[in-house]
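Chemist: Sharing a sequence plus its predicted fold:
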Amino acid sequence: MLFNTWQFGLFFVVVFAIYHTLSVRPQNVLLLLASYFFYGCWDYRFLGLIFVSTAVDFTTSLYMEGAGPRRRRILLWTSVFTNLGILGVFKYFNFFVDSASGLLEGLGFQAHLPILRIVLPVGISFYTFQTMAYTIDVYRRKLKPTRDLLLFAVYVSYFPQLVAGPIERPQHLLPQFSAPRRVGTAQLASGALLVLIGLVRKVVIADVVAPEVDAAFGDPLNVTSLHLLRAVLLFSLQIYGDFAGYSDIARGISRMLGIELMRNFRHPYFARSITEFWRRWHISHSTWLRDYLYIPLGGNRGPRWFVYRNLMLTMLLGGLWHGAAWTFVAWGGLHGLGLVLHKIWQGRRSRVAPGPPGSLVTGLQIACSWAATMALVGIAWIFFRAPGFHAAWQVITGIVSLRGFTDTSLAFWSLPFSRMALVLFLDVPQFLAGDDAAILGWPWPVRGLSYAGLVMALVLLRREISVPFIYFQF
Amino acid sequence: MFRSSIFSFETLTLKGFRPRGLVLCILALGVIEFGLARTEWLWALEPRSESGIVDAMERHVIRTAERPRIIILGNSRLRDALAPRVLEEALGLSRGSVLNLSLTAGEPFDSMVLYRRNRDRFSSCRLLILGLDDWNLLGEPAATERVRRFATFKERWRWFHGDDRWSLLVGWIWRTYDARIPLRRFMKFAWLFRIAALPFGPDGRVIWRDEEPAVGPLVAPGLLARARSLYEGRHEGGEMARDAFHETISMARTDGLGILIIRPPLRDALVRERERLAPDLRVKFKAYLKKLVDSDHGISLLIYDGGEAAGLGPKDFLDYGHMTASGASRFSRQVALRMRQLQVLERMAEAR
């Protein structure tokens, strides 16, 4: 069930109606059943994986309490290996086999390694990371393990964020499931608004630009440089609309159930550096990598080359998390390189006095920083989107070759500019107010007409065919 | 507050609920819903559109006809194949006796709708010519603009499944959702530039294309692509088409009309491609029609395969199956001849 379908709308209305007649524990039972039903609609066979992940992590964490250091470590690795094992088999097995075959053939050996005909379970990367966060935090004694299996099961499978995040932390989510919830008019209104904004991002922006992106990336040799540049711009809008849209809908429906999910995006395309970009883009994922990979590797401690190594490793693995393909690793690597370069630049810049605030010089500095950041992000998106390195290279060389750079028709530019305008309409008020439900603070006539405008945009500016959320494949 | 170990109504509190913005939003959407989406005017805005053509046909053809005797309902192939003036001359009928109401992308559902909406105006008619192509009996139905405009709740439930059904049921309740395509047209101000009347040719056919297209050997890839789009991967289904077809026949028979089912000829190359892609389809189609005819002696058939069998050559076709003016003229005379042989006219006279 996609979030932007009528079936999900009916499902949520039913869950919402029943939910608000129940007390805390029955609410959790309902959430659990609804979550299993929701996931089962994708593929009921993979509910077993969620059961295994839930059972292993609940049990290992419970036994960690009171256990000695060695036993705790064994239990932790049991949990980590189980979760990574599930991920490895279902997501990465064929990737590693293909890569190994390629390497062996490159060395002159004939390799006939077995591959698995296996379907990737939806959301597997998300819920395995979420459960690992729990066991790692229990191990680190940042959290006492819960003895309530129901509570933990709901934490693992909570349907608004099960298949595409945000990747929640147990300290943030678990207490909310055990406490009584209160949903007032403010939460209801802001939750519904978030859902509306999320749907607009997904249906009006992401789904509409998707065919243009597919056409250009599918045949990069036969389109002009301007087409390719436009496709990269459109993909930037698509992936943001798709993923931020999903996160908004997830947060909105969860808010209406009295559960607050963490914010996953903070206007990433306003970032003026790559470091800032990663504080604004897929925040739940980047903070997870920081806390469970980058810091254990050493983080910012140690000599400079060590820090750069940690950054690169974290981003390379972060890229691999996104998909079983070397292009995703390359995407992560480019961002890692950007982070390293930014760190070097920050070190050098600290010796240079900044321009006075509000001056033209400062303005130019900000503009250049922003442009350089967006350029790197855009180049990296090419690798993220392209089906392989060869296609990515064709896109890059196609842009750089400047073959056909003169299309000035209104129709050609109306799509990217209209969708950019829509992104700005949604993001700028939120950015200025520091609140994702900023529209609620507008005068009521403007508010009312804005709601109606967003609803009509959903009706009139949509594509007729629904497109799955991009991040479902991760 | 009622409280038990299971139930509690304390989670949701609507204290201080002053939804002025929401109310204004609902009012604004209500204006669009009742001021636009539920009006016939919006759907009829552009005569060249899928839904607008129905109103254009009714306004310019049906309501201006004095005493129509023969009505023709079908798709664009029948629209192009049967020339009303030629049929009238060949059958010895007065001008305006034959109405060709066939629609672009017409499906049996559309024929049913046109007949249902104008049933009272067809009281002088004695013969209904219905077009049916074999591909109408294949594949799942599409939620077209005309379906969104005219299908009842029951029809939406019965014929559609999955996402389409959900979408259509929502559209039945919230007409704005169904009317999104005409609303887009409205917003693009297309209605300011709409055509005043239907473009009729001298032979009475509605002509949507240039009168003198480049006629010649059909470009093979285009024909093959068309054949694939019509037949490939579509093997079952057609329940909506069959039900709508039967409904039309049932209404016409109740009104005392004779029925003549025509499948105009296709370009021979497409017939060969169909045999390759869907070899059992010809047998299925003919079996289906035979069952129809056997069940009701008021139904006659004129089913053509390739153009050669109908004495038509490549120059009589614009493409895979739409006829030129000369092709329509020859085909119409042939149909008239066959109607005489089948004594369709005589049966009409007796009924009169």
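Modeler: Received it, and whenever you're ready, just let me know what you need. Residues are numbered from 1 along each chain as shown, chains lettered A, B, ... in the order given.

Chemist: List, one by one, the residues from chain A near chain B.
Modeler: Selection of chain A residues close to chain B by CB under 8 Å from any CB of the partner chain yields A:5-7, A:19-27, A:180-185, A:188-189, A:258, A:444-445, A:447-449, A:451-452, A:455-456, A:459-460, A:462, A:466. Just so you know, the C-beta spots here come from the backbone N, C-alpha and C atoms, and that holds for glycine as well.

Chemist: And the pLDDT for the closest residue to chain A within the stretch 51-200 of chain B?
Modeler: Distance from chain A to each residue of the stretch 51-200 of chain B (CB to the nearest CB) is smallest for B:Trp166, at 4.0 Å. At B:Trp166, the model reports a pLDDT of 90.

Chemist: Which residues are in contact with A:Arg279?
Modeler: Contact partners of A:Arg279, counting by CB atoms under 8 Å, 6 or more residues apart in numbering or on different chains, are A:Arg266, A:Ala271, A:Ser286.

Chemist: scratch that, A:Ile124
Modeler: Neighbouring residues of A:Ile124 by CB under 8 Å, 6+ apart: A:Phe46, A:Leu49, A:Ile86, A:Leu87, A:Phe90, A:Lys91.

Chemist: Remind me which helix or strand the residue of the stretch 301-450 of chain A found nearest chain B belongs to.
Modeler: As assessed by CB to the nearest CB, chain B sits closest to A:Gly448 within the stretch 301-450 of chain A, at 2.8 Å. For A:Gly448, the enclosing helix or strand under DSSP states H and E is helix A:444-460.

Chemist: List the contacts of that helix.
Modeler: A:193, A:196-197, A:199-200, A:203-204, A:422, A:439-440, A:442, B:20-25, B:27-29, B:32, B:176-177, B:180, B:183-184, B:187.

Chemist: Would you mind giving the secondary structure of B:Ile72?
Modeler: When states are read from DSSP: H, G, I helix; E, B strand; the rest coil, the local structure at B:Ile72 comes out as strand.

Chemist: and the gap between it and B:Glu58?
Modeler: When CB to CB, to the nearest Å is applied, the distance between B:Ile72 and B:Glu58 equals 15 Å.

Chemist: For the two, indicate the residue with more neighbours.
Modeler: It is B:Ile72, of B:Ile72 and B:Glu58, that has more neighbours when counted by other CB atoms under 10 Å in any protein chain shown, with 23 against 17.

Chemist: my read: that one touches B:Ser97, true?
Modeler: No - contact between B:Ile72 and B:Ser97 fails when scored by CB atoms under 8 Å: they sit 11.5 Å apart.

Chemist: Spell out, range by range, the helices that occur in the stretch 151-300 of chain B.
Modeler: With helices called from DSSP state H, counting those that start in this stretch, the stretch 151-300 of chain B shows them at B:153-159, B:162-173, B:175-178, B:180-187, B:220-231, B:239-254, B:268-277, B:281-295.

Chemist: Out of the ones you listed, which one sits most buried?
Modeler: For the helices of the stretch 151-300 of chain B, ranked by mean neighbour count under the definition mean count of other CB atoms under 10 Å in any protein chain shown, the leader is helix B:175-178 at a mean of 21.

Chemist: which secondary structure elements does that one contact?
Modeler: Using 3 or more CB pairs under 8 Å, 6 or more residues apart in numbering or on different chains; DSSP states H and E as the contact criterion, the secondary-structure elements in contact with helix B:175-178 are helix A:444-460, helix B:162-173.

Chemist: export those helices to TSV and tack on distance to A:Leu237?
Modeler: Converted to TSV, these look like this (distance: least, CB to CB, whole Å):
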stretch	distance to A:Leu237
helix A:444-460	15
helix B:162-173	25
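
Chemist: Figure out which of those is closest to A:Thr82.
Modeler: Comparing the helices and strands packed on helix B:175-178 by their distance to A:Thr82 (CB to CB), the top pick is helix B:162-173, with 36.5 Å.

Chemist: Model confidence for the nearest residue to A:Ser178 once chain neighbours are set aside, exactly?
Modeler: With sequence-adjacent residues excluded and distances taken as CB to CB, 6 or more residues apart in numbering or on different chains, A:Ser178 is closest to A:Leu151, at 5.9 Å. A:Leu151 carries a pLDDT score of 94 in this model.

Chemist: Next: B:Phe17.
Modeler: Predicted confidence (pLDDT) for B:Phe17: 76.

Chemist: Turn the helices of the stretch 151-300 of chain B into TSV, including distance to A:Ser125.
Modeler: Formatted as TSV, the helices of the stretch 151-300 of chain B follow (distance: least, CB to CB, whole Å):
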stretch	distance to A:Ser125
helix B:153-159	39
helix B:162-173	27
helix B:175-178	35
helix B:180-187	36
helix B:220-231	38
helix B:239-254	42
helix B:268-277	42
helix B:281-295	46
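
Chemist: Go through those helices and find the least confident stretch.
Modeler: helix B:220-231 (a mean of 65).

Chemist: For A:Arg385, which non-adjacent residue is spatially closest?
Modeler: Once flanking residues are discounted, A:Arg385 sits nearest to A:Phe235: 5.1 Å by CB to CB, 6+ apart.

Chemist: do you know how far that neighbour is from A:Arg403?
Modeler: Between A:Phe235 and A:Arg403 the distance, using CB to CB, works out to 20 Å.

Chemist: So between these two, which is more surrounded?
Modeler: Relative neighbour count places A:Phe235 above the other of A:Phe235 and A:Arg403, with 25 against 15, counting by other CB under 10 Å.

Chemist: The residue in chain B positioned nearest to chain A and A:Leu449: what is the separation?
Modeler: Closest to chain A within chain B is B:Leu24: 2.8 Å, counting by CB to the nearest CB. Counting by CB to CB, the gap between B:Leu24 and A:Leu449 amounts to 7 Å.

Chemist: more crowded one of those two?
Modeler: More neighbours sit around B:Leu24 than around the other of B:Leu24 and A:Leu449, counting by other CB under 10 Å; the figures are 19 against 15.

Chemist: pLDDT score assigned to that one?
Modeler: On the pLDDT scale, B:Leu24 gets 95.

Chemist: swap in the one 3 residues further on?
Modeler: On pLDDT, B:Leu27 comes in at 96.

Chemist: ok, now which ones touch it?
Modeler: Contacts were defined as CB under 8 Å, 6+ apart; by that measure B:Leu27 touches A:Gly448.

Chemist: Try it again at 10 Å.
Modeler: Applying CB atoms under 10 Å, 6 or more residues apart in numbering or on different chains, one finds that B:Leu27 lies in contact with A:Gly448, A:Ala452.

Chemist: do the same with the one 10 residues further on
Modeler: Counting by CB under 10 Å, 6+ apart, B:Ala37 makes contact with A:459, B:29, B:43, B:171, B:174-180, B:182-183, B:186.

Chemist: Between which two of these is the distance greatest?
Modeler: Spatially, the most separated pair among the contacts of B:Ala37 is B:Leu29 and B:Trp43, at 18.5 Å (CB to CB).

Chemist: Thought B:Arg165 was touching B:Arg156, still the case?
Modeler: Yes - look at B:Arg156 against B:Arg165 with CB atoms under 10 Å: they come within range, at 6.6 Å.
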